[in-house]
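Undergrad: Quick one, fold the following:
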Amino acid sequence: MYEHYLTFAGKNSRDFNVWISGGGTFNAPARDSELITVPGRNGDLYLDNGRYENITVTYPAFITRRFQTNVEAFRDFLLAQIGYKRLEDTYHPDEFRLAMYSGGFDAEPTARNLAGSFDVSFNCKPQRYLKSGEQAITYTANGNIFNPTLYASKPLIRAYGTGTVTINGVTVQITAANQYTDIDCELMDAFKGATNCNGNIVLTNGEFPTIAPGLNAISKSGITTLEITPRWWRL
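TA: Alright, predicted model coming up:
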């Protein structure tokens with residue numbers, strides 16, 4: 001009878017007998033932009049800040065048995081979470097978000113507290129990440145990578161050895177390495193485990209590579225093996 005649920009911070013809502021409706025999961029975030037009025041000039045200037053804003057995702061939720069016990073346990077679990085956590089739901093089984101629980105909790109129990117309903121709201125980063133983009137692609141020679149979305153992704157690159165890595169014309173030079181170097185193009189950081197490796201890389205024009213929509217060329221020199229986790233996303 002009940003089939004839809006969410007998973008947040010590794011915990012499944014079914015563990016609390018919480019089921020959801022997904023009507024609020026199909027919205028899209030707003031682009032961060034502004035209109036600027038210039039005296040003496042007709043029309044407004046459009047300024048695009050190159051980003052999307054966070055979005056609130058709300059799930060209407062309900063509990064059908066042992067309402068008091070389940071709702072208190074679920075509420076305590078949500079309120080104990082700090083910062084962004086992974087959020088998944090069965091309406092979008094191939095995707096996940098990074099979300100924070102928005103806080104507050106108003107429940108409406110039925111007679112005798114046997115069942116009840118409430119809304120669960122999360123403050124989410126704008127991206128809906130594709131689970132397919134979590135799979136690392138290995139290159140031992142030059143090749144290509146195809147971005148199936150309309151948005152440029154910021155990959156995690158693991159490069160073994162020293163040399164250069166070029167993605168779509170943007171090059172990273174690795175001047176020193178202890179076996180391998182991880183380059184996180186979203187965090188704009190280079191490291192190996194807990195060791196900071198930013199001093200061992202040189203960026204073309206200070207840019208970290210991105211993977212544009214469609215086909216992208218991958219080339220390397222000196223590097224023995226590349227592992228690229230593309231991090232595909234959509235809105």
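Undergrad: could you pull out the helices for the chain?
TA: The residue ranges that make up the helices of the chain, judged by DSSP state H, are 67-79.
Undergrad: Residue most distant from the centroid, it?
TA: Largest separation from the mean C-alpha position in the chain: G40, at 43.0 Å (Cα atoms, centre = their mean).
Undergrad: Can you list the low-confidence ranges for the protein?
TA: Counting by pLDDT under 70, the chain has low-confidence residues at 1-2, 111-113.
Undergrad: which ones are touching the residue lying closest to F122 once chain neighbours are set aside?
TA: Among residues not flanking F122 along the chain, A99 sits closest, at 3.9 Å (Cβ to Cβ, 6 or more residues apart in numbering). The C-beta positions use only the backbone N, C-alpha and C, and glycine is treated the same way. Residues near A99 by Cβ atoms under 8 Å, 6 or more residues apart in numbering: F8, V57, Y84, K85, R86, L87, F122, N123, C124, K125.
Undergrad: do you know how far A99 is from T7?
TA: When distances are taken as Cβ to Cβ, to the nearest Å, A99 and T7 turn out to be 11 Å apart.
Undergrad: list the residues that contact both of these two?
TA: Residues touching both A99 and T7 (Cβ under 8 Å, 6+ apart): R86, L87.
Undergrad: so of the contacts of A99, which ones are in strands?
TA: Residues from these lying in strands, with DSSP state E as the criterion: F8, V57, K85, R86, L87, F122, N123, C124.
Undergrad: Now render these as JSON lines, adding distance to C185 and neighbour count.
TA: Rendered in JSON lines, the data for the ones in strands among the contacts of A99 read as follows (distance: Cβ to Cβ, whole Å; neighbours: other Cβ atoms under 10 Å):
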{"residue": "F8", "distance to C185": "26", "neighbour count": "22"}
{"residue": "V57", "distance to C185": "26", "neighbour count": "23"}
{"residue": "K85", "distance to C185": "22", "neighbour count": "17"}
{"residue": "R86", "distance to C185": "20", "neighbour count": "13"}
{"residue": "L87", "distance to C185": "23", "neighbour count": "23"}
{"residue": "F122", "distance to C185": "25", "neighbour count": "24"}
{"residue": "N123", "distance to C185": "24", "neighbour count": "15"}
{"residue": "C124", "distance to C185": "21", "neighbour count": "20"}
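Undergrad: And those residues, which is closest to A176?
TA: Using Cβ to Cβ, the shortest approach to A176 within the ones in strands among the contacts of A99 belongs to R86, at 33.5 Å.
Undergrad: who touches the closest residue to F208 other than its chain neighbours in this structure?
TA: Ranked by Cβ to Cβ, 6+ apart and with sequence neighbours excluded, the top spatial neighbour of F208 is C185, at 4.1 Å. Under the criterion of Cβ under 8 Å, 6+ apart, the contact partners of C185 comprise K154, P155, L156, I157, F208, P209, T210.
Undergrad: Quick check: closest non-adjacent residue to the fourth one.
TA: Read it as I157. I183 (4.3 Å).
Undergrad: State the number of residues packed around the one you found.
TA: I183: 24 surrounding residues under other Cβ atoms under 10 Å.
Undergrad: just F96 next, same as before
TA: Counted with other Cβ under 10 Å, the burial measure for F96 works out to 19 neighbours.
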